[in-house]
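Colleague: Quick one: sequence plus predicted model below, questions after.
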Amino acid sequence: MTPKAQSDVQAEADRAARLLNADISAIPVEQASTLLPAELIQEDEVVILLLRPSLWYIPLASFGSLVFIALITFMLAYMSRVSWLSGWVNWSDLLAFGFGIALAAIRLSWQALEWYSRVYVLTDRRIIRRMGVLRVAVFETQLKNIQHTSIYRSMRERIFGLGSIGFATAGSDVFEAFWVMINRSFAVHRIVVKTIEKYGK
């Protein structure tokens with residue numbers, strides 16, 4: 001890529017950043033080298049978008065587990081009050097709710113680590129998704145290989161103004177990777193589509 005072409009791409013990246021502002025959990029592009037393997041981004045490759053899911057991802061992805069923990073907590077608290085079970089249980093309401101709060105904190109802490117591990121990258125050449133705490137999985141494909149993109153918005157995502165973007169490559173009937181629960185998903189998708197149209201030839 002010539003210096004002028006690279007400058008044009010960087011200007012496009014700057015325009016994308018101004019359009020999205022700070023409402024999409026955007027990560028400063030300077031952090032790309034610290035969040036991604038050094039060999040993943042080439043020296044002359046320009047990062048246009050560098051995102052994480054919305055912080056709402058932490059409670060929303062944990063919701064089912066938190067409901068289950070709440071049910072267990074109330075059941076334990078109830079058992080401590082039933083007279084015929086009093087000889088079998090050795091805890092109080094306070095212990096039951098303390099146990100529930102501890103479990104919920106552990107679950108949310110793990111989901112926070114999962115949120116931090118997720119990085120979504122759009123460059124002038126590729127789409128990249130990094131995820132995983134203990135086992136890291138990286139999906140990356142050339143822009144020219146992207147056959148189809150789509151926005152999915154579940155009920156909980158619509159309530160909080162979020163959306164997920166799916167990517168399907170040529171020759172695939174399914175979406176192989178998702179950028180999940182991102183803010184301003186339609187604006188992000190528009191930038192992704194324009195980038196593919198411009199540089200994915």
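Modeller: Looks like it arrived, so ask away. Numbers count the residues shown, from 1 in each chain.
Colleague: domain parsing for the chain?
Modeller: By the assignment in automatic domain parsing, the chain contains the domains 3-53+118-199, 59-112.
Colleague: Just the terminal-to-terminal distance for the shortest one.
Modeller: In this case it means domain 59-112. When the termini of domain 59-112 are compared using Cα to Cα, to the nearest Å, they are 9 Å apart.
Colleague: most neighbours per residue, which of the domains of the chain?
Modeller: domain 3-53+118-199 (a mean of 16; mean count of other Cβ atoms under 10 Å). (C-beta placed from N, C-alpha, C; glycine too.)
Colleague: per-residue confidence averaged over that one?
Modeller: Summarised as a single mean, pLDDT over domain 3-53+118-199 is 79.
Colleague: Same check on stretch 76-83?
Modeller: Stretch 76-83 comes out at a mean pLDDT of 72.
Colleague: Leaving out sequence neighbours, find the closest residue to the residue nearest the centre of the chain.
Modeller: Central residue of the chain (Cα atoms, centre = their mean): Pro53, 3.3 Å from the mean position. Spatial nearest neighbour of Pro53, excluding adjacent residues (Cβ to Cβ, 6 or more residues apart in numbering): Met181 at 4.3 Å.
Colleague: Name the residues that touch whatever helix or strand the one you found lives in?
Modeller: Under the criterion of DSSP states H and E, Met181 resides in strand 177-183. Under the criterion Cβ atoms under 8 Å, 6 or more residues apart in numbering, residues 23-25, 51, 53-54, 56-57, 60-61, 118, 120, 127, 129, 139, 141, 152, 157, 161-167, 188 lie in contact with strand 177-183.
Colleague: Give me the helices and strands touching the helix of greatest length in the chain, please.
Modeller: Longest helix in the chain, counting residues (DSSP state H): helix 93-117. For helix 93-117, the packing partners by 3 or more Cβ pairs under 8 Å, 6 or more residues apart in numbering; DSSP states H and E come out as helix 57-61, helix 63-79, strand 126-131.
Colleague: how far does it sit from the chain's center?
Modeller: Offset of helix 93-117 from its chain centre (Cα atoms, centre = their mean, to the nearest Å): 20 Å.
Colleague: can you give me the end-to-end distance of stretch 44-52?
Modeller: Stretch 44-52 end-to-end distance (Cα to Cα) = 23 Å.
Colleague: And for stretch 172-180?
Modeller: 20 Å.
Colleague: still on that earlier bit, same list (the helices and strands packed on helix 93-117) but as JSON lines, adding distance to Leu108.
Modeller: Shown next, in JSON lines, are these (distance: least, Cβ to Cβ, whole Å):
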{"stretch": "helix 57-61", "distance to Leu108": "6"}
{"stretch": "helix 63-79", "distance to Leu108": "8"}
{"stretch": "strand 126-131", "distance to Leu108": "18"}
